[in-house]
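Colleague: coords please:
(chains A and B)
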Amino acid sequence: MLGKTKFALAFVIFLTALYSCEDSDALSWESEIFLPLVDDNVTWSSFVPDSLLVLGEGGEPARLVYIGPFEAFDSEDIPALPDTTISNTFSMGNDLTVEVPAPEDFPFMDILSEMQVTNLVENSGMYLRELILSEGMMTFTVESTVDGIIDLSYSLTSVTVDGVAVGFDMSVPAAEGGVNGIATANIDLTGAVFDMTGVDGSSENMINSSFTVMNSPLNSDIFYISNLDSLNVKLEMQNMMLDKARGYFGNVELDFGTEVSLIDTVPVPNPILDLEGAIAKIRIDNTIGADLRLNFDTLLVDGESVIHPTLYGAHDISRAQWIDGTLLNYTTLEIDLGESGSNIFDLMETFPEKFRMAGSAQINPYGDISFGNDYADVDYIPDLELEVEIPFRMGLDGVVLEESYAIDPMEFPNFDGRLLIDLTSTFPVEVIADVSYVVNDIDGTIVSVDTELDAGSSYPEMPAHALLIIPLNQAIIEPGGNVFVNLTVRTDGAQTFTGYENIRVQVRIEGTQLIEVE
Amino acid sequence: MIVNFKTVFSYLIACFVFSATAIASSSVPTNDSTKVKRGGDASFSVWANQSGNVLSTGFVSSLAQGGFIGHDILDPVLEAHKGGMGYVGGSVGWEQKWSARPFKGGKWALCGSLGSELLYDARWTSDMFELIFYGNGGHTGRVDVLSGTGVRMAEFNKFGIGLENTKTRQRLEVSLVQRLAGAEWSIPYGYFWVSENADSLDTYLQTEARLHAVYDTTLTSNLPLGFLPAYGIGISGSLPLASETLPIRFEINFSDLGILFEPGGSSVAWFQEGIATTGLPVLGDSLTWESVIEGDISTDSLLFTGTSVSRMSLLPYRLSANFIYEPSPNVMIELEVASGGWMPEPLYTAGVGWMPSDRIAFGVQAKYGGWGKMRPAVWAQWRFSCRRMLVVEIEDPMGFFIGNELSDFTYNRGVTFRLERLSGNGWAAKGGRLKSTCKR
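Modeller: Below is the predicted model of the structure:
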């Protein structure tokens, strides 16, 4: 009886288990999603650097303003000391007939020397009276034929750093077996002030030095000096960067050729500019204490030569006035490139990209009329500037924007919905929008739609709006893809743009997915 | 410390045998008629219950049966999220309580309890439910609050011992509680927002998961988990107050009021993802999936995994107060409010009982709160001997007819079987549920 009961119980449990394991349908429900995918603003800032764009207020046109250097000159054009080596040999005992022991308590050489720098710009007549270096290095080498160790005390008496003469003490080893004793020292000349007027104060290119030689206490024995002994001193000045200079900079001619880019890309399609109120100038400030003569050979706008009545030829610019290292006054030369007889605005009508200028600059065209009082400071290099101001009043015709937005693969099972593309424009022109969604599937399925936005307004702000709808299903949305937006504008004549115009591109996804749970 | 199942099971068996022995010994009669010779109340209960406030049995059956869940099924569930939260919870367990004979026939008797319980609790916001089952398409522009969503489950074993007064029937126990294992996951803070025109989104999520077990891949068993029990100390007891002139009584019961000392070593994962935007700038890009994916905006993303340090937490205490009025010897009216036991809200109970004979009693109750909404409960007790009776309580009986239309609109179900032994001669009558002492 008990066995039957157990069997019945087991049977019931088995049937229950079977019922529990009965196959059931997959659980599913719909979920409605609404998500932003892309939000992008296309503005003038998208293709005109902010530094060039001056927005127009109160409905006035924006202006593209470029004021920048042609970078025709740099500090290397300012005369400076080249790498210089000065070598002197000093005999120790010309009058000695016999060898004499070197004295121990006082110098047996005490020499003042003037060294002349001779390798400045050749044939220019250049000379320097005062020089301040921003950096530089001097290597000092002494070669001795004496049999004993000597102590050398060396000083550049006309070169000071922080008001102290540049100098040093060193021991020179004894010459042994026919090999001279050699000692070397390096001196940092950063901030060094060179008084190059010599001992008499009226010379130029001179460097004064003095040195003494003594018997070194390191010697254990007495050594002898003869009329054959000598001391060779070599100064190597390298990497001397000019900070300030006074003298005569010579009659030097420097060629220049330079180019500036207003806009690197060409985002504005077939622009026709209304250049009323446009400005184009070049200006140079002569901030060095030397006369300049500028000769312009070439001015090109996007490769086209500018015809101008006064630009080409010589332009003299008087020297700046410097007193005790302070710039008191300087001379400015300004040439209006748009003056009557110039064709530059004709060349700029299609939105210029590049300006190229070439010519030469001559320093001191009238010779040494300052009697050695030319002055230069590397912080005040003459600056050749281009100033261009173009009002945003133009006609356009063509594609203003080609943009693509990646849509990542999204797991929206059994999706049924739409891709919504909102275009909002405040550009005062009609915009034709072509939108394509290229699916990342094997076939590269393309869904294309297009629309036309009416002209909007940025002042007062009245945006025009258009909505594009691309039907989507799981096969399209699951692999992801790319949305390509192509905006084309076409204007009748020149339009005024304030710079506040923008086209906003919003991509959203809306639809339902069917979620299934097994 | 890693304890295997055999060890735990042996421990439980040992406790059970000890408890049973104590009850048996307390039941041994003595011959001294002037003293309290018998033990007090004792009971052995087994229960299983589940409550919820939004997931109806019909909805759960639909989920179980599978197929398409349409808005006709989902809408009532969403509308049921009154107050913004959905709950499901309950417990399964057993408990044995006993009181021995008083010491030397005096007023105080040794008492104790023993039991195990599996507690589970899940809660979620209505916005979370709507996001999962409806999506966000229908309510863009609204902030979906995710904070407060979470699930937890733990198994507790308890052993308590204390004293009970034979006259006042006040009882106080000190309990040793063991949490054998547990797991929890929660979203302390989170929200999801898509602007009305779906041109910007803003979302933030903090979530934390804890597995109260040792995760060790070097373990030889198939499951790389080992027990990490936590122990706590609490107090349990009851404070009955009965009127000597009126047929009313009031009783406060509490259990496991105390602290659980969690050892370090629980597996913890903590994740935070924040994507915030200050709005849609006029001349800039707003926050979109594209900008998130391309990393154009800064996200605040953190993921920590590791093991916990030791900490203290509250035991899943229970606190209840009930009021009983017996207008006649065979009719009882009861009111009760209870809280704790991981219930999100207090549980209110009102009921009436009737004892048509000395051996049988019935009662009906209305319960509201806890995890669930208003539901009925019935109980019956059969006194099959002077001191012993069987009590059966069924909560929301229709809820057991799963798969039948009768249960479609139920949200709860629960059953309790309790074998009770009434206190013997010399113990003060406790009343309630029409029971009394056995005066033999």
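
Colleague: Name the residues that touch stretch B:350-362?
Modeller: By C-beta atoms under 8 Å, 6 or more residues apart in numbering or on different chains, the residues outside stretch B:350-362 that reach it are B:329-336, B:363-366, B:377-384, B:433-434. All C-beta atoms are positioned from the backbone trio N, CA, C, and that covers glycine.

Colleague: Can you say which of the residues you listed are buried?
Modeller: Neighbour-count burial (16 or more other C-beta atoms under 10 Å in any protein chain shown) applied to the contacts of stretch B:350-362 gives B:332-334, B:336, B:363, B:365, B:377, B:379, B:381, B:383, B:433-434.

Colleague: With distance to chain A added, can I get the residues you listed in CSV?
Modeller: Listed next are the buried ones among the contacts of stretch B:350-362 as CSV, based on distance: C-beta to the nearest C-beta, whole Å:
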residue, distance to chain A
B:332, 38
B:333, 41
B:334, 37
B:336, 36
B:363, 32
B:365, 31
B:377, 26
B:379, 27
B:381, 28
B:383, 29
B:433, 33
B:434, 36
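
Colleague: Would you point out the most distant pair within those residues?
Modeller: B:336 and B:383 (22.2 Å; C-beta to C-beta).

Colleague: Now, the buried ones among the contacts of stretch B:350-362 that are in strands?
Modeller: Of the buried ones among the contacts of stretch B:350-362, the ones assigned to strands by DSSP state E are B:332-334, B:336, B:363, B:365, B:377, B:379, B:381.

Colleague: Let's have the residues you listed in TSV, adding pLDDT.
Modeller: Below are these laid out as TSV (pLDDT from 0 to 100):
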residue	pLDDT
B:332	91
B:333	94
B:334	94
B:336	97
B:363	95
B:365	97
B:377	97
B:379	95
B:381	91
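
Colleague: averaged over its residues, what pLDDT does whichever strand or helix holds residue B:154 have?
Modeller: Taking DSSP states H and E as the criterion, residue B:154 maps to strand B:150-165. Here strand B:150-165 scores 95 as its mean pLDDT.

Colleague: now do stretch B:204-224
Modeller: On average, stretch B:204-224 scores 78.

Colleague: And for stretch A:349-357?
Modeller: 83.

Colleague: closest point of chain A to chain B, which residue?
Modeller: residue A:32 (3.1 Å; C-beta to the nearest C-beta).

Colleague: Specify the beta-bridge partners of that residue.
Modeller: On DSSP bridges, the residues paired with residue A:32 through beta bridges are residue A:512.

Colleague: Would you check that it makes contact with residue B:139?
Modeller: No - contact criterion C-beta atoms under 8 Å: residue A:32 and residue B:139 do not qualify, at 9.5 Å.

Colleague: Spell out which residues are contacts of both of the two.
Modeller: Residues within reach of residue A:32 and of residue B:139 at once, by C-beta under 8 Å, 6+ apart: there are none.

Colleague: Over to residue A:470. Which of the three states is it?
Modeller: Here residue A:470 takes the strand state, with states given by DSSP: H, G, I helix; E, B strand; the rest coil.

Colleague: so it makes contact with residue A:437?
Modeller: Yes - between residue A:470 and residue A:437 a contact is recorded at 5.3 Å, counting by C-beta under 8 Å.

Colleague: Residue of chain B nearest chain A, please.
Modeller: Closest point on chain B to chain A, by C-beta to the nearest C-beta, is residue B:137, at 3.1 Å.
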